[in-house]
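J.: just need the structure, nothing else, for what follows:
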Amino acid sequence: RISGGKMVPLRRRLGPTQSPVVSATISKRQNEARAASSLTWACTSCCAALLLGLDLQFHILSYLSGIVHPALKYTELALLTLALIIAVYDATFSLNMLLTQRKIKLTPAQKKLLGVKSSTQGFDTVTTPTPFGSQVQASPATPFSRTPPLQYLTPTGSAPSSAYSTPQSVSFANSHTPTPSSFHGRPSSANKASPFSSDRISDPYSLERYLRSEEEQDLYLMRGSPDLAAPQVQPYHYGRQGPDHTPVLRKYHVATRSQSPATQGVDGDSPLCREADTVLSRLGVKREELQCWTEKCRKWLAQTVVGPVAQEIETINEVLCKIGSSEFQIGSAGLGLLRQVGKSKVQHVPTLGMVIPYLELSSKQEYLVHRIKELAKGGYLSAYRWNSGGTWKGRSWDQDLPNDSQVVMHLLCTYLDSHMPPNPRFADGRNFSSQHFLKCPDKPSAKKSNVCIYQACANPPQYKILVKESCIDVPKGRNNLFHVIVMFLHHIKTEENSMLGQINLELSGMNILWIISDE
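T.: Numbering: from 1, shown residues only. The predicted model follows:
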């Protein structure tokens, strides 16, 4: 929000976190604050009781006001009793809070991240992290939990974020907007192991089982087995950096290079490169940085946006087959029929209604679902073709089908829609698409925000960035879409204080700006 002409970040209340160390630290500091407040009120109540007692003894108020009546005495006596009760209650509560708190063992790095000073009581410093299962019992959580930990931003059952994962919104089980990052995993009724499981290594048997599973995965990987199930990307958690959980590629795919004249024979002195260098110099970005950002962008889109959508489609179709409704599978049925199925069979497929917005790009549902699954393979959008698509039912791609650029952009816009807070101006829930995305035949003057991605042409696809009254004309070609995305993020970071509306895109929010970080 804006206060006094300055951008002031919105303060949000943190909910329960999946990390037991963070949960215990936050809980301890909140309890200490409550204890200090109770102690202050206890002292205040004691002072009030002392003043009332002196007045009852020496009748100072009656002497000063000239009022002598039994009602005044009884009123002071009642207030004295109430003050003593409050003082005893607050003092007991404060002492109980302070005396029953257990000490938490933190490493110096953890203390620095959590803002705990070395002189703070109740925290012990250790050199190595201590397994926290014996200190605090963490509440179990699943990706389909009913309680969202963080409003708008934090996923249910989230784990520490990797550098390649972004924040998830609330889970599919209790959300009203689609969130593809929550697609990882299945409903709890499936009784299958999940990377979101709250189980921890607490005994030698569980440690041995974990090491054996890791060795088996490494063995399959060394053999190059295409059947190796890649570990899923852990969803982000609010502002916390964790180890890299990027999925292992099932099979190496060479990305198909476009044969467009715009990308053939491009060298350092070509007009296309000179045009690109002009745009980059205007933004203060080096060509090497743009190449690195483009690679990160492809990886993030594949693993956080496209992959989870494809996985959830497979999950829903499997459930529909099991309940005898295979004719209503995604890709076979139309959008209208899918919406009816999502309402009538919500107890079986509660996430269907949240997947539908990702499929609203085209009426060619069978091709669209097929293409999303193809793009999800590999982990780097290796099947991506910027100005066409894939073969379908034995025939080559034609312009009556959406090209890959349109598919990826639609999935991205829908993903961001699901993370934006509700806005009464956009009842359909497409807050990002309505404010920050514009496509032909609309004119650039129809934009509704200061910064907007503009689809100037559908075939061949070309995207630009509209900033206030100016236009950043990103060069055409196979990387036009990715360059526009990273330059859009670059503008948000440098000109909008990393805020996309009310959402922070840094580590404390959606954690998308790692794409254009120097790390």
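J.: for whichever strand or helix holds Glu76, which residues meet the burial criterion?
T.: Per DSSP states H and E, Glu76 falls inside helix 70-100. For helix 70-100, a neighbour-count test (16 or more other Cβ atoms under 10 Å) marks 72, 76, 79-80, 83-84, 86-87, 90-91, 93-94, 97-98 as buried. Every residue, glycine included, has its C-beta placed from N, CA and C.
J.: distance between it and the chain's centre?
T.: 46 Å (Cα atoms, centre = their mean, to the nearest Å).
J.: elements contacting it?
T.: helix 20-58, helix 60-65 (3 or more Cβ pairs under 8 Å, 6 or more residues apart in numbering; DSSP states H and E).
J.: give the rounded mean pLDDT of that helix.
T.: For helix 70-100, mean pLDDT is 87.
J.: before we move on, the earlier item: deepest of the helices and strands packed on helix 70-100, which one?
T.: helix 20-58 (a mean of 16; mean count of other Cβ atoms under 10 Å).
J.: got the angle for it vs helix 70-100?
T.: 150 degrees (axes from the mean of the first three to the mean of the last three Cα atoms, to 10 degrees).
J.: for helix 20-58, packing partners?
T.: Using 3+ Cβ pairs under 8 Å, 6+ apart, helix 20-58 sits against helix 70-100, strand 104-106, helix 108-114.
J.: can you lay out those as CSV showing distance to Gln455?
T.: Formatted as CSV, the helices and strands packed on helix 20-58 follow (distance: least, Cβ to Cβ, whole Å):
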stretch, distance to Gln455
helix 70-100, 57
strand 104-106, 49
helix 108-114, 41
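J.: for Cys440, find the nearest of these.
T.: Cys440 lies closest, by Cβ to Cβ, to one member of the helices and strands packed on helix 20-58: helix 108-114, at 46.6 Å.
J.: roughly how far is that closest one from the heart of the chain?
T.: 23 Å.
J.: buried ones in it?
T.: Buried, per 16+ other Cβ under 10 Å, within helix 108-114: 110-111, 113-114.
J.: alpha carbons only: can I get that helix in PDB?
T.: Provided in PDB are the C-alpha atoms of helix 108-114 (Å, rounded to 0.1, in the frame of the first residue of the first chain):
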ATOM      1  CA  PRO A 108      24.700 -19.400  14.900                       C
ATOM      2  CA  ALA A 109      23.400 -19.300  11.300                       C
ATOM      3  CA  GLN A 110      19.900 -20.200  12.500                       C
ATOM      4  CA  LYS A 111      20.000 -17.400  15.100                       C
ATOM      5  CA  LYS A 112      21.100 -14.900  12.500                       C
ATOM      6  CA  LEU A 113      18.300 -16.000  10.100                       C
ATOM      7  CA  LEU A 114      15.600 -15.900  12.800                       C
END
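J.: for the buried residues of helix 108-114, work out which two are farthest apart.
T.: Lys111 and Leu113 (7.4 Å).
J.: and stretch 91-101, how far from the chain's centre?
T.: The answer for stretch 91-101 is 37 Å, by Cα atoms, centre = their mean.
J.: run through who's touching that stretch.
T.: Stretch 91-101 is contacted by residues 28, 31-32, 34-36, 38-39, 42, 122 when judged by Cβ atoms under 8 Å, 6 or more residues apart in numbering.
J.: can you put those residues in CSV and add pLDDT and distance to Lys103?
T.: Listed next are those as CSV, based on pLDDT from 0 to 100; distance: Cβ to Cβ, whole Å:
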residue, pLDDT, distance to Lys103
Lys28, 81, 9
Asn31, 84, 13
Glu32, 82, 13
Arg34, 87, 18
Ala35, 86, 15
Ala36, 87, 18
Ser38, 88, 21
Leu39, 87, 20
Ala42, 89, 25
Gly122, 76, 6
